[in-house]
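Sequence unavailable; structure follows:
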């Protein structure tokens, strides 16, 4: 019983630690955030396409006023797939997003704890886990920005480090796969840390299969997203002005600064001239470099650098503070680790206290909206800032829903029996003379038109960039489908093969038995 209590008590404490962060998501309504509404709208539209049998979902038909938009082909679809499963089992779209935020909170606390536990003691790990969860930028992400993708990505990174400590190919692969699908920008920031961490723990070669496997599993998303970005307006669109999004001292967190200064003070006080005896010295140096560089590049001190680089990929300099969460939590656990037991507890309480002070303002500023589910499920916005994933050939973005899905541009055609899904449009025609038909769906590579089983050429050189094609006299059944092209098929096959390999790794113990 004593052994059981020793094991279970830290996890009970972790649950208690999570409660204050979870309470805002239990509240009636939804937290009023910058991106929160878009999350729910996009999930509901994605689910419609997913339900239609489109997999992977690349072209979301309902948004962009019903003309369709390839947002899930480019923008972190991880939460959309998980959220669709949660909705399928019976939860509303609002509740599904709340559950995902809740999972990110629990994962952040538990995964950071089990990672720190491989390096430090129980008390040290609990202190580090508390800081990981309540560092200001983490709360800002959830309660002000509503960035679910970032929150999920932040929650999973410690699991990758834990997987390296455990030499678990499965955990490393799942972590890398999740990070790549949860958030594009944070994947660029986080993924390089994983092999670097493995190298510092002298397990690079053992960890490499998991890193590669996780990357290959995400190929169905990453390869088309990179290859097809040239079809969109993303690279020529200025998404945000970085000078408006520098971090201030409140967002950085006075607690994080105190923890870092306190760590340096303790190291030079305890070890003095024998700094070579500092435990985990390599990690301390790495985290210190990350911390200092992150503070510099996320603050206005780095303005002269942002003036000379393309910031489209990161959009907001303060987004770099995601790395401060990792470094601050490590410093907090480390301070506790190098102190004796009695002082350890006192200092741990102090660290928790200053973290609470730094976090307090983010809880007091929370407000709520109380829109019904229909507000989100009928909304047709593109859910991106400047419609940056709009295909290049769209000269005039839609501003309202079309009157008819099928229009006759020229000639004489009677259209009937229209059947419409996100990836399939069918209708019957009676063609009196050669005609041109317009389908009010924006063309994106993958759309194909078949008339009487014969493939027809698509013309999308019109100001809306929608599908147009010719019909000949006596043409009958029209079949328009969205399909995987060659690059996507290759990417899908790579993912499938990688998943099969992962299943093999998981089943190896059973095969041996």
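Sure thing, it's come through. As the structure is a prediction and not an experimental result, all values here were calculated from the model.

How far off centre is the helix ranked longest in the chain?
Secondary structure assigned by DSSP state H gives helix 486-512 as the longest helix of the chain. On the basis of Cα atoms, centre = their mean, to the nearest Å, helix 486-512 sits 22 Å off its chain's mean C-alpha point.

counting contacts, what elements does that helix pack onto?
Under the contact definition 3 or more Cβ pairs under 8 Å, 6 or more residues apart in numbering; DSSP states H and E, helix 486-512 sits against helix 169-182, helix 204-217, helix 219-227. C-betas here are computed from N, CA, C, even on glycine.

Under a three-state scheme, what state does residue 425 occupy?
Following DSSP: H, G, I helix; E, B strand; the rest coil, we place residue 425 in the strand state.

any idea how far it is from residue 385?
29 Å (Cβ to Cβ, to the nearest Å).

These two: which has the busier surroundings?
Between residue 425 and residue 385, counting by other Cβ atoms under 10 Å, residue 425 is the more crowded of the two (22 against 13).

just the strands in the protein please.
Taking DSSP state E, the strands of the chain run over residues 30-31, 368-369, 406-420, 424-442, 447-451, 454-456, 466-471, 477-482.

Ok, which of those comes nearest residue 94?
Closest of the strands of the chain to residue 94 is strand 30-31, at 5.6 Å (criterion: Cβ to Cβ).

which other helices and strands contact that closest one?
Judged by 3+ Cβ pairs under 8 Å, 6+ apart, the packing partners of strand 30-31 are helix 36-51, helix 93-117, strand 368-369.

For these, give me a markdown table that also has mean neighbour count, mean pLDDT and distance to residue 154.
Output for these, formatted as a markdown table (neighbours: other Cβ atoms under 10 Å; pLDDT from 0 to 100; distance: least, Cβ to Cβ, whole Å):
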| stretch | mean neighbour count | mean pLDDT | distance to residue 154 |
| --- | --- | --- | --- |
| helix 36-51 | 24 | 94 | 16 |
| helix 93-117 | 23 | 97 | 6 |
| strand 368-369 | 12 | 92 | 23 |
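
Generate a markdown table for those, with distance to residue 330 as supplementary columns.
Output for the helices and strands packed on strand 30-31, formatted as a markdown table (distance: least, Cβ to Cβ, whole Å):
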| stretch | distance to residue 330 |
| --- | --- |
| helix 36-51 | 30 |
| helix 93-117 | 8 |
| strand 368-369 | 34 |
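
how about residue 491, what does it touch?
219, 220, 221, 222, 223, 224 (Cβ atoms under 8 Å, 6 or more residues apart in numbering).

again with residue 388
232, 233, 234, 237, 239.

quick one: it from residue 76, how far?
14 Å.

Residue 432 touches residue 472, doesn't it?
No - Residue 432 is beyond contact range of residue 472, at 11.2 Å (criterion: Cβ atoms under 8 Å).

Number of residues surrounding residue 341?
Burial measure for residue 341: 8 neighbouring residues, criterion other Cβ under 10 Å.

Give the residue spans of this structure that score low on pLDDT.
For the chain, residues meeting the criterion pLDDT under 70 lie at 273, 275, 311-312, 510-513.

If you drop the residues flanking it in sequence, what lies closest to residue 138?
residue 325 (5.3 Å; Cβ to Cβ, 6 or more residues apart in numbering).

Distance of the one you found relative to residue 379?
Separation of residue 325 from residue 379 (Cβ to Cβ): 32 Å.

what do you get for residue 109?
Using Cβ to Cβ, residue 109 is found at 33 Å from residue 379.

next one: residue 22
Distance from residue 22 to residue 379, by Cβ to Cβ: 27 Å.

Leaving out sequence neighbours, find the closest residue to residue 33.
Residue 33 sits nearest to residue 146 (Cβ to Cβ, 6+ apart), 2.7 Å away.

now residue 175
Leaving aside its sequence neighbours, residue 175 sits nearest to residue 160 (Cβ to Cβ, 6+ apart; 3.5 Å).

for residue 184, same thing?
residue 76 (5.6 Å).

That neighbour: what's it in contact with?
149, 181, 182, 183, 184.

which one of these is nearest residue 164?
residue 182 (18.8 Å).

Verify the stated contact: that closest one with residue 152.
Yes - Residue 182 lies in contact with residue 152 (Cβ under 8 Å); the separation is 4.3 Å.

so residue 402 touches residue 440, yeah?
Yes - at 4.0 Å, residue 402 and residue 440 qualify as touching, with contact defined as Cβ under 8 Å.

Please enumerate the shared neighbours of those two.
Common neighbours of residue 402 and residue 440 (Cβ under 8 Å, 6+ apart) are 66, 67.

can you give me the helices for the stretch 201-350 of the chain?
204-217, 219-227, 249-252, 254-270, 281-298, 303-306, 322-338, 341-364 (DSSP state H, counting those that start in this stretch).

Quick one: list the elements packing against the second one.
When you say that, I think you mean helix 219-227. On a contact count with 3+ Cβ pairs under 8 Å, 6+ apart, helix 219-227 meets helix 169-182, helix 486-512.

Which one, of the ones you listed, ends up nearest to residue 339?
With Cβ to Cβ as the criterion, residue 339 lies closest to helix 169-182 of the helices and strands packed on helix 219-227, at 30.3 Å.

Show me what that closest one is packed against.
Judged by 3+ Cβ pairs under 8 Å, 6+ apart, the packing partners of helix 169-182 are helix 78-88, helix 148-165, helix 184-190, helix 193-200, helix 204-217, helix 219-227, helix 486-512.

For the contacts of residue 388, give me CSV that also has neighbour count and distance to residue 9.
Shown next, in CSV, are the contacts of residue 388 (neighbours: other Cβ atoms under 10 Å; distance: Cβ to Cβ, whole Å):
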residue, neighbour count, distance to residue 9
232, 20, 52
233, 17, 54
234, 20, 49
237, 15, 52
239, 16, 47
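
ok, those residues vs residue 364, which is closest?
Checking these one by one against residue 364 (Cβ to Cβ), the nearest turns out to be residue 239, at 30.4 Å.

Ramachandran coordinates for the closest one?
Torsion angles at residue 239 (phi, psi; degrees, to the nearest 10) stand at phi -80, psi -40.

Quickly note the distance from it to residue 426.
Note on residue 239: its distance to residue 426, by Cβ to Cβ, is 37 Å.

same question, residue 31
From residue 31 over to residue 426 (counting by Cβ to Cβ), the distance is 42 Å.

More neighbours: which of those two?
Counted by other Cβ under 10 Å, residue 31 and residue 426 do not tie: residue 31 has more neighbours, with 19 against 15.

Tell me how the chain divides into domains.
Taking automatic domain parsing as the domain assignment, the ranges for the chain are 2-26+100-220+254-371, 406-482.

can you tell which of the ones you listed is closest to residue 42?
domain 2-26+100-220+254-371 (10.1 Å).

I figured residue 186 was touching residue 323, is that so?
No - Residue 186 lies out of contact with residue 323 (Cβ under 8 Å); the separation is 9.3 Å.

next one: stretch 20-40 to chain centre, how far?
17 Å.

In that stretch, which residues are buried?
By 16 or more other Cβ atoms under 10 Å, the buried positions in stretch 20-40 come out as 21, 24, 25, 30, 31, 33, 35, 36, 37, 38, 39, 40.

Same question for stretch 55-73.
So, applying 16+ other Cβ under 10 Å, buried residues of stretch 55-73: 56-73.

what's the span of that stretch, first residue to last?
With Cα to Cα, to the nearest Å as the measure, stretch 55-73 spans 11 Å from end to end.

where's that stretch relative to the chain centroid, distance-wise?
Using Cα atoms, centre = their mean, the offset of stretch 55-73 from its chain centre is 17 Å.
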